[in-house]
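Student: need a 3D model of the following:
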Amino acid sequence: MTRFNFDVITLFPKAFELINNLGVITRALEKNLINVNLHDLREYGEGNYRQVDDKPYGGGSGMVLKPEPIYKAHDSIDKLPNSKTLLMTPQGKVLKQQDLLRWSSLDQLIIICGQYEGFDERVRCLADEEVSIGDYVLSGGEIPSISIINGLTRLLPGTLGDPGSLIDESHNSSLLEYPHYTRPLIFREMRVPDILVSGNHEEIKLWRKQKMLERTLDRRNDLISNDDYKKLPKSKRINRDSNEIMKFRIGNGYDIHRLVEGRDLIIGGVKMQHPDNLGLDGHSDADVLSHSIMDALLGALSLGDIGKYFPPSDQKWKNADSLFLLSKVIELIRKEGWEVNNIDSVIVAERPKIKPHVQLMKNNISNTLQINGSFIGIKATTNEKLGPEGREEGISCHSVVLLEKKE
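Tutor: Numbering: from 1, shown residues only. Here you go, the predicted structure:
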């Protein structure tokens, strides 16, 4: 059987030493299923110092890889008839499992690792395809190259002990893989689903297929084909007409803090005076209105709660202004592609009177979120002397938000 050849042009060949300890690649090397040939770009550099980079024309920060060394390195490689050259760059097409499957039918991949601020534009002429492993920037193309070598190698016949293990893996079927469980049957009160220990293999197969669909819908609904979508129970389906999937999302938030001496009473960014000089206890300024709105915003997009982003164990947030924290949360929401449609909040407190301060609270929230004040509703009520709020042990707030997907 013909061995698959990886030829990697890199400025840092030592970065590839770790592949000798990666089980799949090590196994393929031992079985002579692959060759990994490293071409040190420095050996093709110019002058006494083997220069491979230079300042860009037109100015700018950083150094750019020169074209001559890369072309020389590429020319030195013995090309097989069934070969492609990949250029690793954050500007490339994001790597998909289907790409690895397609390349696995080749005899050779030549991979050029970018570096520093990039490479001379003329290097692109060498590439059959430009590839990225995600929408972020690394210092070089070595780690992306190792990802490709690993992902492709495991697809080659003879690499895996059980070839069937490839069949149900995430992305091989354009769906995410189903959940896996092993012993013990019960771990920390979490039990393995009964279907998996039933011994009914047909039912298990159906369960796994259903879980693949549900998991993909929940995490990557863009991967679901129309045929797979129709197999979902109606209760799991969402509107896919005109690509408006989940145009609106609703979030619910709740917060409560104890009333104590020696603390300021701040709600909605407004410093208030309690008749008994009490304030709200908390790691930050304990602003229950801002906190409940933050939790509602995060909850609408299943992003967790504020403790995940501003943990009380982090002294960085000690006595922090909650309006500042709210500004960070709305940045995250907008980064996800959503906008606030409206907010409705109710503050539960026996004293002091909240109503005189509502307009100022709305102004503060409006300015922080950069939305029209008419989109914000703030109400206040007592708890009729019931519960911790009624006994003036604390003040709480409930908030509901409606988010709309931006066009």
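
Student: where do the strands sit along the stretch 301-407 of the chain?
Tutor: Remark: strands assigned in the stretch 301-407 of the chain by DSSP state E, counting those that start in this stretch are 338-348, 376-381, 394-405.

Student: could you dump the ones you listed to TSV with distance to residue 92, mean neighbour count and mean pLDDT?
Tutor: Glycine gets a C-beta too; all of them are placed from N, C-alpha and C. Putting those into TSV (distance: least, CB to CB, whole Å; neighbours: other CB atoms under 10 Å; pLDDT from 0 to 100) gives the following:
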stretch	distance to residue 92	mean neighbour count	mean pLDDT
strand 338-348	28	20	97
strand 376-381	43	18	97
strand 394-405	28	21	97
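
Student: would you reformat those strands as a markdown table and include distance to residue 295?
Tutor: Below are the strands of the stretch 301-407 of the chain laid out as a markdown table (distance: least, CB to CB, whole Å):
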| stretch | distance to residue 295 |
| --- | --- |
| strand 338-348 | 11 |
| strand 376-381 | 16 |
| strand 394-405 | 7 |
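
Student: now stretch 352-364: buried residues?
Tutor: Within stretch 352-364, the residues scored as buried using 16 or more other CB atoms under 10 Å are 352, 354, 357, 358, 361, 362, 364.

Student: distance check, the second one against residue 282.
Tutor: Put plainly, it is residue 354. Per CB to CB, to the nearest Å, residue 354 is found 18 Å from residue 282.

Student: likewise for the fifth one?
Tutor: For residue 361, the distance to residue 282 under the criterion CB to CB works out to 18 Å.

Student: burial count for the residue nearest to residue 71 when sequence neighbours are not counted?
Tutor: In this structure, residue 71 finds its nearest non-sequential neighbour in residue 126, 6.9 Å apart by CB to CB, 6 or more residues apart in numbering. By other CB atoms under 10 Å, 19 other residues sit near residue 126.

Student: which residues touch residue 126?
Tutor: 70, 71, 74, 85, 87, 112 (CB atoms under 8 Å, 6 or more residues apart in numbering).

Student: beyond the lowest-mean-pLDDT helix or strand in the chain, next helix or strand please.
Tutor: Lowest by mean pLDDT, DSSP states H and E among the helices and strands of the chain is helix 226-230, with a mean of 74. Downstream of helix 226-230, the first helix or strand assigned by DSSP states H and E is strand 248-261.

Student: what helices or strands is that next one leaning on?
Tutor: Helices and strands touching strand 248-261, by 3 or more CB pairs under 8 Å, 6 or more residues apart in numbering; DSSP states H and E, are strand 278-280, helix 288-300, strand 394-405.

Student: which residues are in contact with the residue nearest to residue 360 when sequence neighbours are not counted?
Tutor: Distances taken as CB to CB, 6+ apart put residue 270 closest to residue 360, at 5.1 Å, once the chain neighbours are dropped. Residues in contact with residue 270 (CB under 8 Å, 6+ apart) are 357, 360, 361, 364.

Student: just give the number of residues close to the closest residue to the third one other than its chain neighbours.
Tutor: Here the nearest residue to residue 361 in space, its sequence neighbours aside, is residue 268; by CB to CB, 6+ apart that works out to 2.9 Å. The burial count assigned to residue 268 is 28, neighbours taken as other CB under 10 Å.

Student: right, I'll call it a day here.
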